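Asks: Predicted model and sequence below, questions to follow.
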Amino acid sequence: MRTARILDPAGLVLWALCIVGCHRNVVTTSPRSPSPSTLGQHPAEWHSVDVAFHVLDIKSAGDSFWICGAEETIAVSNDNGTHWQIKHHTPGGPSLSHIDFANSKFGYSAGTDGRLLMTQDGGESWVARPGLSETILQISFADSLHGLVRVRKSLLFTTDGGSHWSAVNEQQHPEGVEHFPYTFSLVALDPSHMAAMMKEGPAQYNAQALLFTQDTGKTWQLLNIPNVTLYSFLRSNGQYWAVGTEVIHKDQPGGGYAVPVALYSRDGENWSHSTNDLSACRLEMCTLCNSQGCISSNGVIARIFSQITTVSGFSPNRNLSTKWAATDSVVCFVGSHFQCAGLERLSQSPRSAGSPVPAASAPSALGFSGPH
């Protein structure tokens with residue numbers, strides 16, 4: 001297993017800080033207990049959203065939210081979650097538990113029975129792709145051809161849009177990968193670069209290594225980044241990002257201490273420290289991140305992947321889940337209920353943490369078998 005050499009362009013500065021075709025069906029949402037809004041027309045407090053189907057995942061892009069769920073249903077809101085429009089629905093169809101967009105036009109959704117849908121027109125139409133029969137537990141596509149998925153016992157990749165799948169099999173495994181059988185998150189960055197953050201156990205705090213390819217899956221390498229524990233691994237602005245904590249000053253009395261860290265890379269092998277403000281991550285170390293930013297505590301979103309870090313606040317919610325998304329003015333999450341609330345821009349990070357942040361976990365241990 002290789003050990004990373006982390007590059008820092010700022011001079012090695014370490015941080016001490018409804019039916020297919022029923023596109024015009026519209027659902028208007030309203031809170032169960034209306035409350036005054038301080039953010040336009042959207043209620044500031046948390047409220048349940050009824051979209052007439054069981055929601056299993058959510059993502060955001062600009063001012064739009066995308067959701068998916070039961071009976072192969074996909075819906076979009078272009079007004080911060082006030083109104084919803086069904087874009088795809090198959091009565092009695094498989095459940096869709098994942099949805100994401102690689103860019104403004106190309107998106108994908110996946111779930112049970114190997115169901116994989118793609119759109120190349122910004123979500124106006126969705127087309128099923130063949131190739132898998134097992135439930136897709138994790139997924140990431142860079143474009144309509146190149147993607148990485150996790151099924152029950154296999155980590156698979158495709159270079160033809162899912163018509164054929166190849167396993168990251170034992171012959172390709174670099175030395176030491178057997179110690180990291182849990183796939184915590186997958187990222188397909190571009191046609192050549194794909195990666196998975198592998199963990200020793202299913203919890204965020206377990207030790208990790210990055211399994212990555214730079215040649216469209218022909219070869220895979222395992223990388224250890226020293227002195228860090230990574231909680232989130234994702235793509236943003238055309239780069240890999242990894243967020244967690246780093247132990248610094250290990251040679252001093254007491255053995256050093258942990259500080260928030262955000263690293264980025266274009267190839268999965270060479271990593272640099274972000275010079276963005278991570279002070280908001282001191283609360284609970286930014287353990288729950290997506291491409292919009294990180295929930296730095298229950299009630300605070302730190303947008304650390306932007307050119308300049310900004311911080312937004314929302315009412316803490318003890319039912320907050322790991323499946324969340326946000327626009328500039330609204331945050332939503334999928335849990336036992338689908339809930340949304342208003343966001344307010346904060347001039348500075350809070351000094352104390354709110355309710356606990358939910359902890360992410362990985363699927364069961366990987367078996368590294370072939371496709372089924």
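Replies: Looks like it came in fine. Residues are numbered from 1 along each chain as shown.
Asks: what are the ranges of the helices in the protein?
Replies: Defined through DSSP state H, the helices belonging to the chain form an empty list.
Asks: ok, Q348 - contacts?
Replies: Q348 sits next to V311 when contact means CB atoms under 8 Å, 6 or more residues apart in numbering. (C-beta placed from N, C-alpha, C; glycine too.)
Asks: what's the spacing between it and A302?
Replies: 11 Å (CB to CB, to the nearest Å).
Asks: R150 now?
Replies: When R150 is compared with A302 (using CB to CB), they lie 28 Å apart.
Asks: same thing with H54?
Replies: Computed as CB to CB, the H54 to A302 distance reads 30 Å.
Asks: Over to R318?
Replies: From R318 over to A302 the distance is 20 Å, taken as CB to CB.
Asks: So for these two, which sits in the more crowded spot?
Replies: The residue with more neighbours, out of R318 and A302, is A302; 29 against 9, by other CB atoms under 10 Å.
Asks: Only the buried residues of stretch 234-243, if you could.
Replies: Neighbour-count burial for stretch 234-243 flags 234-236, 239-243 (criterion: 16 or more other CB atoms under 10 Å).
Asks: With stretch 147-159 instead?
Replies: If you call a residue buried by 16+ other CB under 10 Å, then stretch 147-159 has these buried ones: 147-151, 154-159.
Asks: do stretch 111-118 as well
Replies: For stretch 111-118, by 16+ other CB under 10 Å, it's 111, 114-118.
Asks: quick one: which of these sit in strands?
Replies: Using DSSP state E, 111, 116-118 are the members of the buried residues of stretch 111-118 that sit in strands.
Asks: Redo those residues as TSV? Include pLDDT.
Replies: Converted to TSV, these look like this (pLDDT from 0 to 100):
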residue	pLDDT
G111	98
L116	98
L117	98
M118	98
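Asks: Now flag whichever of those residues is closest to D267.
Replies: M118 (25.8 Å; CB to CB).
Asks: ok, the closest one - contacts?
Replies: M118 neighbours (CB under 8 Å, 6+ apart): 106-108, 126-127, 129, 141, 144, 161.
Asks: Just the buried subset of the residues you listed, please.
Replies: Those of the contacts of M118 that meet the buried threshold are 106-108, 126, 129, 141, 144, 161, by 16+ other CB under 10 Å.
Asks: in the sheet, who's paired with S60?
Replies: Taking DSSP bridges as the rule, S60 bridges to F65.
Asks: Go ahead and confirm it touches T327.
Replies: Yes - using CB atoms under 8 Å, S60 is in contact with T327, at 5.4 Å.
Asks: Give me the more crowded residue out of these two.
Replies: Neighbours were tallied for S60 and for T327 using other CB under 10 Å; the higher tally belongs to S60 (24 against 21).
Asks: Throw the buried residues of stretch 111-118 into a markdown table and include distance to N270, thanks.
Replies: Putting the buried residues of stretch 111-118 into a markdown table (distance: CB to CB, whole Å) gives the following:
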| residue | distance to N270 |
| --- | --- |
| G111 | 35 |
| G114 | 35 |
| R115 | 37 |
| L116 | 32 |
| L117 | 35 |
| M118 | 31 |
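Asks: Tell me the one of those residues nearest T82?
Replies: L117 (25.2 Å).
Asks: Tell me which residues touch the residue nearest to K87 when sequence neighbours are not counted, please.
Replies: Using CB to CB, 6 or more residues apart in numbering and skipping the chain neighbours, the partner closest in space to K87 is I74 (4.9 Å). By CB under 8 Å, 6+ apart, the contact set of I74 is 66-68, 86-89, 96, 99, 109, 117, 123, 126.
Asks: got it, and W46?
Replies: So W46 contacts 315, 317, 339-341 (CB under 8 Å, 6+ apart).
Asks: Going by neighbour count, which of these comes out on top?
Replies: C340 (28 neighbours).
Asks: Please tell me how far the residue nearest to it when sequence neighbours are not counted sits from T310.
Replies: Distances taken as CB to CB, 6+ apart place C332 nearest to C340, at 4.0 Å, with adjacent residues excluded. According to CB to CB, C332 stands 19 Å off from T310.
Asks: Also G69?
Replies: 30 Å.
Asks: where do the strands sit along the stretch 101-250 of the chain?
Replies: 107-111, 116-119, 127-128, 138-141, 147-150, 155-158, 166-167, 182-188, 194-199, 208-213, 221-224, 228-236, 239-248 (DSSP state E, counting those that start in this stretch).
Asks: nearest to E45, of those?
Replies: strand 228-236 (27.3 Å).
Asks: Tell me which residues are up against that closest one.
Replies: Residues outside strand 228-236 that contact it (CB under 8 Å, 6+ apart) are 140, 184-185, 187-189, 195, 197, 204-205, 207-208, 210, 240-247, 258, 261, 263, 285-291, 294, 305, 360.
Asks: same check, this time on stretch 323-337
Replies: 39-40, 42, 48-49, 55-60, 62-65, 67, 80-81, 288, 290, 292-293, 295, 301, 312, 314, 317, 319-321, 338-343.
Asks: quick check, nearest of the buried ones among the contacts of M118 to G254?
Replies: F141 (45.3 Å).
Asks: nearest spatial neighbour of that closest one, skipping sequence neighbours?
Replies: G147 (3.6 Å).
Asks: and the gap between the one you found and P181?
Replies: Going from G147 to P181 by CB to CB gives 21 Å.
Asks: now the stretch 151-300 of the chain, which segments are flagged as low pLDDT?
Replies: 169-172 (pLDDT under 70).
Asks: so how far is K59 from the residue nearest to C340?
Replies: C332 sits 10 Å away from K59, going by CB to CB.
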